[in-house]
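**Q** When you get a sec, could you give me coordinates for this:
(one chain, ligands or ions: 1)
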Amino acid sequence: MLMNTVENNAKNIAVFVSGGGTNLQALIDAQERGEIKNGRIVFVLASNDKAYAIERARKAGIEYQVVSRKAYAASEEYDAAILSALENRGIDLIVLAGFLSILGPTVIEKYRNKIINIHPSLIPLFCGDGFYGKKVHTAVLASGMKVTGATAHFVNEITDGGAIILQKAVPIEQGDNEDILQYRVMRQAEWEILPKAVSLFCEDRIRIVGNRTEIIGTSF
Ligand code: GRF
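**A** Residues are numbered from 1 along each chain as shown. Got it, this is the predicted structure:
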């Protein structure tokens, strides 16, 4: 009898997007290479209908839904719309992959320690309110630092404040501008550590200790 190749207890992953979706693509590609153990991307939620990430989900045959942030005046209403989009899908993990809207307390509470975000700096540097997308790299370049990087972390009520899961540093080169630096951070750091962090979560290998994490097992 052919064994069922899809793990029976695989965790269901929802990916939230707002833009180009290169982090979503990194997750899709990692899944196709079998690098996301015990997890599968079952749903993509986009905060606007212009996000190219939607096209990436469609091409990969992943169900998606636009829950437009602009359609809801109050953030509480947006939170309720997000929760209803997730209802009855049995979502075990939410991944914020270039998602630019802020999740409110009801979503964070319902999915406590089950939301992972990718941030394009080495938290706690250059993070928090107002630090997103290219703004991060502008501030990094202005600081004169010689390294930057990306952080995969859990999401809590504090913007970019949840426990850090994985980080990776990348060099800043002479002549870098925001575009060059953003691409290097995505290619060399974000697209590598986000799939790894997602796989570690799905394998139940992340232990949260206070505001830190410990990874169970050596290989990752
Ligand atoms: C990138 O700057 C990434 O660091 C941040 O959102 C931006 C777009 O990401 N998380 P993506 O291409 O939409 O995944």
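**Q** Chain neighbours aside, what residue packs nearest to the residue of the chain found nearest the ligand?
**A** Each residue of the chain has a distance to the ligand, by CB to the nearest ligand atom, and the smallest belongs to residue 98, at 2.5 Å. C-betas here are computed from N, CA, C, even on glycine. Nearest in space to residue 98, with sequence neighbours left out and distances taken as CB to CB, 6 or more residues apart in numbering, is residue 19 at 4.7 Å.
**Q** now residue 127, what's its secondary structure?
**A** Using DSSP: H, G, I helix; E, B strand; the rest coil, the secondary structure recorded for residue 127 is coil.
**Q** Not counting sequence-adjacent ones, nearest residue to it?
**A** Take residue 127 and drop its neighbours on the chain: the residue closest to it by CB to CB, 6+ apart is residue 160, 3.7 Å away.
**Q** Quick check: the one you found vs residue 204, distance?
**A** 24 Å (CB to CB, to the nearest Å).
**Q** about what we covered before: how many neighbouring residues does the residue nearest to residue 127 have?
**A** Neighbouring residues of residue 160 were enumerated by other CB atoms under 10 Å; the total is 20.
**Q** Please renumber the chain so that the first residue is 17 from this point on.
**A** Sure thing, new numbering starts at 17, so read that last one as residue 176.
**Q** Looks like it contacts residue 169 (just checking).
**A** Yes: here residue 176 lies in contact with residue 169, judged by CB atoms under 8 Å, at a distance of 7.0 Å.
**Q** got any residues that touch both of those two?
**A** Contact criterion CB atoms under 8 Å, 6 or more residues apart in numbering; residues shared by residue 176 and residue 169: 133, 135, 139.
**Q** quick check, nearest of these to residue 127?
**A** Minimum distance to residue 127 across the shared contacts of residue 176 and residue 169 is 12.0 Å, recorded for residue 133 (CB to CB).
**Q** What's opposite that closest one in the beta bridge?
**A** Taking DSSP bridges, one obtains residue 112, residue 169 as the residues bridged to residue 133.
**Q** mind listing what it touches?
**A** Applying CB under 8 Å, 6+ apart to residue 133 gives the contacts 111, 112, 115, 168, 169, 170, 171, 176, 178.
**Q** and if you look at residue 147?
**A** When the contact criterion is CB under 8 Å, 6+ apart, the partners of residue 147 are 135, 137, 155, 176.
**Q** Find the residue closest to the first one in space, skipping its chain neighbours.
**A** Nearest-residue entry for residue 135: residue 167, 4.8 Å, with adjacent residues in sequence omitted and distances by CB to CB, 6+ apart.
**Q** From the contact counts, what lies against the helix or strand where that neighbour lies?
**A** Here residue 167 is covered by strand 163-170, with elements defined by DSSP states H and E. Under the contact criterion of 3 or more CB pairs under 8 Å, 6 or more residues apart in numbering; DSSP states H and E, strand 163-170 touches strand 131-135, strand 180-187, helix 194-201, helix 207-218.
**Q** and among those, the most buried is which?
**A** Each of these was given a mean neighbour count from mean count of other CB atoms under 10 Å, and the largest, a mean of 24, is that of strand 131-135.
**Q** what about that strand and the ligand, any contact?
**A** Yes: using CB under 6 Å from any ligand atom, strand 131-135 reaches the ligand at residue 134.
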